[in-house]
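Q: Just need the structure, nothing else, for what follows:
(chains A and B)
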2 protein chains.
Amino acid sequence: MKPRLFTPGPTTVPEDTLLELAKPVTYHRAAEAKAILAEVSEDLKYVFQTAQPVFTLTCSGTGGMEAAVSNSLAAGEKAVLCTAGRWGERWRGILKAFGATIVPVEVPYGKAVTHDMLANALTANPDTKVVFTTLSETSTGVGHDLQAFGRVVAKTDALLAVDGISGIGAMECRMDAWGLDLVVTGSQKALMMPPGLAFISASEKAWKKIDATPVRSFYLDIRRYKKSLAESDTPFTPGNTLIKAQRVSLKRIRAEGIENLWARHTRIATACRAGVEAMGLKLFAEKPNSALTVIKVPDGVDGTATLKALEKKYGYKFADGQDAMKGQIWRLSHMGYTDAFDVLGALSALELTLLDSGFKLEVGAGVAAFQKAYAAGK
Amino acid sequence: MKPRLFTPGPTTVPEDTLLELAKPVTYHRAAEAKAILAEVSEDLKYVFQTAQPVFTLTCSGTGGMEAAVSNSLAAGEKAVLCTAGRWGERWRGILKAFGATIVPVEVPYGKAVTHDMLANALTANPDTKVVFTTLSETSTGVGHDLQAFGRVVAKTDALLAVDGISGIGAMECRMDAWGLDLVVTGSQKALMMPPGLAFISASEKAWKKIDATPVRSFYLDIRRYKKSLAESDTPFTPGNTLIKAQRVSLKRIRAEGIENLWARHTRIATACRAGVEAMGLKLFAEKPNSALTVIKVPDGVDGTATLKALEKKYGYKFADGQDAMKGQIWRLSHMGYTDAFDVLGALSALELTLLDSGFKLEVGAGVAAFQKAYAAGK
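A: Numbering: from 1, shown residues only, chains lettered A, B, ... in the order given. Below you'll find the predicted structure:
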C-alpha cells in the first residue's frame, strides 16, 4: 500500500528537496553556505511579500512564535489575543510564560474573530502594545481576514503579530501591503519542507518597538539574526542541511509564482469543499481557509476509528481533531506540494472508507463534484 | 576533487543516516513516530550515561544551552562561569541575557580551568546556584576535567551545567557517575548528524532547582518536554526527519559501544598530535581533548591562506580560528564518523600544502609518526 500524507503539517515534501537532504554535509560558515542563506532569505521576502529581511531560525514554528513575543513585549505589557482555536491558545501559552497582560478576543471553535471585535478591543485598550492573531487556524480550518485586521491595527500604536505557520504560501498574505508587523511561519507546511526551521520578519514599526524592548532571550533574539543576516550569516549554527533543502522548495515556489500558488490552493480548497458537501458531509469552519478542509464527523460515525481505517485500508493519513476536538472533526491538508489529483484521491479514499463502515452516500458524487468545481475554477 | 569535511561541527555524516533524511516525511504524532522518539531517547541516555530522561529539542546547541540557563536560574541568581574560550563566552552571553549574576573563572585561550580554581570560586561564593562549564572547548581544543569538577560541585548546593556539544561521544563523560547536573549536546558533532537537534538532561538535584525556578521560556521549558516524553511525545512539532536520522546514527554508536567510541577518539587524537608534532608544528591546547586537534600556525605562515589552499588544492576543509584567533590556529576535527584513515589523509594534505608554500619539513614524518602512534594505541 502506498502511504499518503494529508496532515496539516508536516506535508508531503517534493522528491528533489528530499534528495538534497541526503547530500553530504558541508560547513555552515563557508562562502557557499552564505550565498545559499542569502538566496533563501531573498526568496522568503518574496513569499512573505515584504521588503524587510526574513530571518531563518532553527526551531519549530512555536519557537518562531516565541521570538515574536519575546522580542516585542516587555513583561506586563498589554497584548490583545485573537483566539479562534488551538493555535490562538498557543499564543496564549507563550504570552503567559512571558508575563504579558492578555486581553482575550475569543470565539468558539469553528468561528472566526472579526475585525470589528478586534477594533472594539483596541478601542477599549488603547495601551495595547501588540495584537496576536492566526492566519490559518489549523485546528478548525478557519481563516482570518488579516487585510482587515491590518487596517484596524495600523490606526493604532500597536503591532500586529501573525502566526502564519500553516497559512503562508497557502493563502494570500501580503505582509507589507496589509500592514502586518511581525509574521512567523514554519518550513513544514506550504513551504514544502520537513519541520525544523521557522522564519520571522518584522516591519519598521515593529523594529522600533523591538529596539526599545529589553532582551528576554539569546537564542531567539532577532536583533542578533538581523546583524548576522546583514553579512549573509546566522548568529548560531543553523540547520544548514534544512536551509539547503528549503532553497530547493523555494525555487519551486518562485517558479510557480506566489500568486499562482495562492490561486491553486483556493481552487483546490473550493473543489474539495464541494466534494465533501456532495458526500453529504458538513464543513466545520464558518469561514474556511485554503490550507486545509475540516470536516464535521457525521452523527453516528466514530471519527477516530474512521481515520484509522482510512489509513490502514487505503494509506491516507488525515489528522484527527486535537484535544477536546478528537473524534469530532477530520482535517485534510491541501498545502504545498499536494495537488488537485492528490486531493481527488483523498476524497475517493474517504468515500470508500465511509461506505465500508455502512455510511449512506451516493457513490461517486464526491469526486464528481470535486471534478466539476475544479474544472470551473481557474 | 573529493571534498572532505574536518570542521569541528558539522562533521561527516554516515551515508545511511543521510539516506534516511531523503525518505518521505511522516506524521510526527503517529504511533511509529512515538516509538522512534522512545528509542532515540533510550539511546541518548546510554550516550549521556544517565538514568535520567534526555530531551530532544529542535534547535541548535546554543538553544540547548539557553534551556539549561533559563530552566535553572532565576534573574539575579549567581552563576560561576568557567571560561576557557569562545564557548565559555557563549554561556556568558546567554547568562547576561537572562540577568544572572556572573562570577567569572577565566583562563587565557589555550589553557584549562582547574578544579582548584573552581573550588576557590565556590568557597568565595557559597550562594552560587549553578556552575557553567565546557567539556570540549572547541575554539582552543582544550578539555576540562569534569570528573574533578563534579566532585567539587557535588559538595555544594550548586548545580554543574555542562556544554557537552562537541564533547559528548568524543570524550569520556559520565553524567550520573561524575555528578553532572545539566548536560547539553547537539546532533552535529560526535553524534554523526547534521545540525538541528539539541539534547538536554537534568539530574534529580537539578530537577529540584528547576521545579522551584520561575518559568522563563515556553519553547525551551524542559518541564514541558519531560511531561511529553513520559508519553513518548514532544510538546511542539519536532524536527521529525532529523530524529529519524539521529536514530540511525545512534544505532551505529550503540553497535560500536560508547566506551569503544571514546577509546577510538583518544587513540586517533593521540596519533594526530604525534603526527602534527613530527611535522614540526605545535599544539595550541595545554590540555588537548580528543574531539579535535588545534594546531598553532607557525611563524611566517599565513594561517588563513594555508587553509584556503588546503581546501582548494586537496579538498580538505579544516576550520580557522574564530574572531581574534583567526589566522592563529588550525582546527582539525576527528569526531564521530571520522576514522584514523581519514585523519591520516588530512595530515598528508596539510603536509603537502605546507610544502607547496615553502614551509620546511621532513616529508612523510607526520604520517609516519601518526601511523606509529596509532599502531601503538589500542
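Q: correct me, but residue A:333 touches residue A:136?
A: No. The criterion here is CB atoms under 8 Å, and residue A:333 misses it with residue A:136 at 10.3 Å. C-beta: built from backbone N, CA, C; applies to glycine.
Q: Return every residue with contacts to both of the two.
A: Common contact partners of residue A:333 and residue A:136 (CB atoms under 8 Å, 6 or more residues apart in numbering or on different chains): A:291-292.
Q: buried ones in stretch A:89-108?
A: By 16 or more other CB atoms under 10 Å in any protein chain shown, the buried positions in stretch A:89-108 come out as A:89-95, A:97-100, A:103, A:105, A:107.
Q: just stretch A:156-176 next, same as before
A: Here stretch A:156-176 shows A:156, A:158-173, A:175-176 as buried, counting by 16+ other CB under 10 Å.
Q: Kindly check the end-to-end length of it for me.
A: 16 Å (CA to CA, to the nearest Å).
Q: pLDDT of that stretch, averaged?
A: Stretch A:156-176 shows a mean pLDDT of 97.
Q: ok, the buried residues of stretch A:89-108 vs residue B:36, which is closest?
A: Using CB to CB, residue A:90 is the member of these that lies nearest residue B:36, at 24.2 Å.
Q: packing partners for the helix or strand hosting that closest one?
A: Counting by DSSP states H and E, the element that carries residue A:90 is helix A:86-97. With contacts taken as 3 or more CB pairs under 8 Å, 6 or more residues apart in numbering or on different chains; DSSP states H and E, helix A:86-97 sits against helix A:61-72, strand A:78-83, strand A:101-106, strand A:128-134, strand A:136-137, strand A:159-163.
Q: Let me know the angle separating that helix from strand A:78-83.
A: Helix A:86-97 and strand A:78-83 are oriented at 160 degrees to each other (axes from the mean of the first three to the mean of the last three CA atoms, to 10 degrees).
Q: what angle sits between helix A:86-97 and helix A:61-72?
A: Taking the same axes, to 10 degrees, helix A:86-97 and helix A:61-72 form an angle of 40 degrees between their directions.
Q: Just give the closest residue to residue A:32, not the sequence neighbours.
A: Sequence neighbours aside, residue A:26 is the residue nearest to residue A:32 in space, at 6.8 Å (criterion: CB to CB, 6 or more residues apart in numbering or on different chains).
Q: Also residue A:286?
A: What sits nearest to residue A:286 in space, not counting adjacent residues and going by CB to CB, 6+ apart, is residue A:111, at 5.1 Å.
Q: care to break chain A down by domain?
A: According to automatic domain parsing, chain A comprises the domains A:4-8+A:258-376, A:15-256.
Q: and those domains as a markdown table, adding distance to residue B:210?
A: Below are the domains of chain A laid out as a markdown table (distance: least, CB to CB, whole Å):
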| stretch | distance to residue B:210 |
| --- | --- |
| domain A:4-8+A:258-376 | 26 |
| domain A:15-256 | 14 |
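Q: Tell me which of those domains lies nearest to residue B:240.
A: That would be domain A:15-256 among the domains of chain A, by CB to CB, at 6.1 Å.
Q: and the end-to-end length of that closest one?
A: With CA to CA applied, domain A:15-256 spans 16 Å between its terminal residues.
Q: Then stretch A:18-36?
A: First-to-last residue span, stretch A:18-36, CA to CA: 17 Å.
Q: Give the buried residues for that stretch.
A: Buried, per 16+ other CB under 10 Å, within stretch A:18-36: A:18, A:20-22, A:25-28, A:33, A:36.
Q: Which one of those residues is nearest to residue A:224?
A: residue A:28 (15.6 Å).
Q: How about the contacts made by the closest residue to that closest one other than its chain neighbours?
A: Excluding the flanking residues, the one nearest residue A:28 by CB to CB, 6+ apart is residue A:240, at 4.2 Å. By CB under 8 Å, 6+ apart, the contact list for residue A:240 reads A:25-26, A:28, A:33, B:10, B:194-195.
Q: Up against chain B, what does the stretch 201-350 of chain A have?
A: By CB under 8 Å from any CB of the partner chain, the residues of the stretch 201-350 of chain A that approach chain B are A:215-221, A:236-242, A:317, A:319.
Q: re the thing from before, pLDDT for the buried residues of stretch A:89-108 - can I get that in JSON lines?
A: Output for the buried residues of stretch A:89-108, formatted as JSON lines (pLDDT from 0 to 100):
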{"residue": "A:89", "pLDDT": "98"}
{"residue": "A:90", "pLDDT": "98"}
{"residue": "A:91", "pLDDT": "98"}
{"residue": "A:92", "pLDDT": "98"}
{"residue": "A:93", "pLDDT": "98"}
{"residue": "A:94", "pLDDT": "98"}
{"residue": "A:95", "pLDDT": "98"}
{"residue": "A:97", "pLDDT": "98"}
{"residue": "A:98", "pLDDT": "98"}
{"residue": "A:99", "pLDDT": "98"}
{"residue": "A:100", "pLDDT": "98"}
{"residue": "A:103", "pLDDT": "98"}
{"residue": "A:105", "pLDDT": "98"}
{"residue": "A:107", "pLDDT": "98"}
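Q: re the thing from before, need the three-state assignment for the residue nearest to residue A:32.
A: Put simply, residue A:26 is coil when judged by DSSP: H, G, I helix; E, B strand; the rest coil.
Q: Now do it, the pLDDT please.
A: 96.
Q: excluding its backbone neighbours, what's nearest residue A:177?
A: Residue A:177's closest residue in space is residue A:49 (CB to CB, 6+ apart), at 6.7 Å.
Q: mind listing what the one you found touches?
A: Residue A:49 makes contacts with A:173-177, A:258, as judged by CB under 8 Å, 6+ apart.
Q: Please state the backbone phi and psi of it?
A: Dihedral angles of residue A:49 (phi, psi; degrees, to the nearest 10) stand at phi 60, psi 60.
Q: likewise residue A:12?
A: Dihedral angles (degrees, to the nearest 10) for residue A:12: phi -60, psi 130.
Q: show me where the stretch 201-350 of chain A has strands.
A: In the stretch 201-350 of chain A, the segments counted as strands under DSSP state E, counting those that start in this stretch are A:282-283, A:292-296, A:316-317, A:319-320, A:329-333.
Q: Show me the shaky parts of the stretch 201-350 of chain A.
A: Within the stretch 201-350 of chain A, no range satisfies pLDDT under 70.
Q: Pick out the residue of it closest to chain B.
A: residue A:239 (3.5 Å; CB to the nearest CB).
Q: Leaving out chain neighbours, which residue sits closest to that residue?
A: Residue A:239 sits nearest to residue B:196 (CB to CB, 6+ apart), 3.5 Å away.
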